[in-house]
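1. Could you look at this predicted model? Sequence included:
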Amino acid sequence: MDSQRLLDAVEYFRQEPLRLDMDDWVRVSNHPDMYEPPCGTVACLAGSAIVLRAKEQNVPVLQLYRDIKYGPTDDSPSKQSLEDFGREFYDLTVDQAKALFYTGRWPEPYDKLYRRLNADFQRCTHPHVLPHIKKAMVYVLEERVDLLIRTGM
């Protein structure tokens, strides 16, 4: 497990909490609204691997996303699932990746709290409150990542 990369991902979300959406691999909007960060890029933990790798390679996120999902060319055999890309990027086992990338597989206190916060975020119509809800969601993710680093699951 690459603990440093996992912590870098948490820091990426901590810097701009509106980037976090555990229900979506990667989403880029040219016209972000109040539910998205100014950059328009939203991702889950596995999707953040694409964002972080794109930064490392200095390539656009969408280009790397398409290269991974569809292959660099239409007839390329090198496409892979986004889950596998995230698992390899963070050097996780298959079981660790599934336990971390899918909130429904998180231990009860983390899953329940994250889902409640996510529901609050979806219902919220006050732009000044949204970032605070997302900060709490990032905190839950951070605690979940910390648990994985400490226990291996």
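-> Perfect, I can see it now.
2. Buried residues of the helix or strand L148 falls within, list them for me.
-> Assigning secondary structure by DSSP states H and E places L148 in helix 130-151. Neighbour-count burial for helix 130-151, with 16 or more other Cβ atoms under 10 Å as criterion, is recorded at 130, 133-134, 136-145, 147-148. No exception for glycine: its C-beta is placed from N, CA and C like everyone else's.
3. Mind giving me the packing neighbours of that helix?
-> helix 3-15, helix 94-101, helix 108-123 (3 or more Cβ pairs under 8 Å, 6 or more residues apart in numbering; DSSP states H and E).
4. Output the contacting helices and strands for the longest one.
-> Contacting helix 108-123 under the criterion 3+ Cβ pairs under 8 Å, 6+ apart are the following elements: helix 130-151.
5. List of residues touching the helix it packs on?
-> Helix 130-151 has contacts (Cβ atoms under 8 Å, 6 or more residues apart in numbering) with 1, 3, 6-7, 9-10, 13-14, 17-18, 20, 22, 34-35, 45, 96, 99-100, 106-107, 110, 113-114, 117-118, 120-121, 124, 153.
6. picking that back up, got CSV for the helices and strands packed on helix 130-151, with mean pLDDT and mean neighbour count too?
-> Conversion of those to CSV gives the following (pLDDT from 0 to 100; neighbours: other Cβ atoms under 10 Å):
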stretch, mean pLDDT, mean neighbour count
helix 3-15, 98, 17
helix 94-101, 97, 17
helix 108-123, 97, 15
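7. Those into a markdown table, with extra columns for distance to V28?
-> Formatted as a markdown table, those follow (distance: least, Cβ to Cβ, whole Å):
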| stretch | distance to V28 |
| --- | --- |
| helix 3-15 | 15 |
| helix 94-101 | 19 |
| helix 108-123 | 19 |
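8. so which of these comes closest to Q80?
-> helix 94-101 (12.8 Å; Cβ to Cβ).
9. neighbouring contacts of the closest one?
-> With Cβ under 8 Å, 6+ apart as the test, helix 94-101 has contacts from 1, 44-46, 83, 86-87, 90, 92, 105-106, 144-145, 148, 152-153.
10. count of neighbours near T41?
-> 23 (other Cβ atoms under 10 Å).
11. got the contact list for it?
-> Taking Cβ under 8 Å, 6+ apart, one finds 19, 26-28, 51, 61 in contact with T41.
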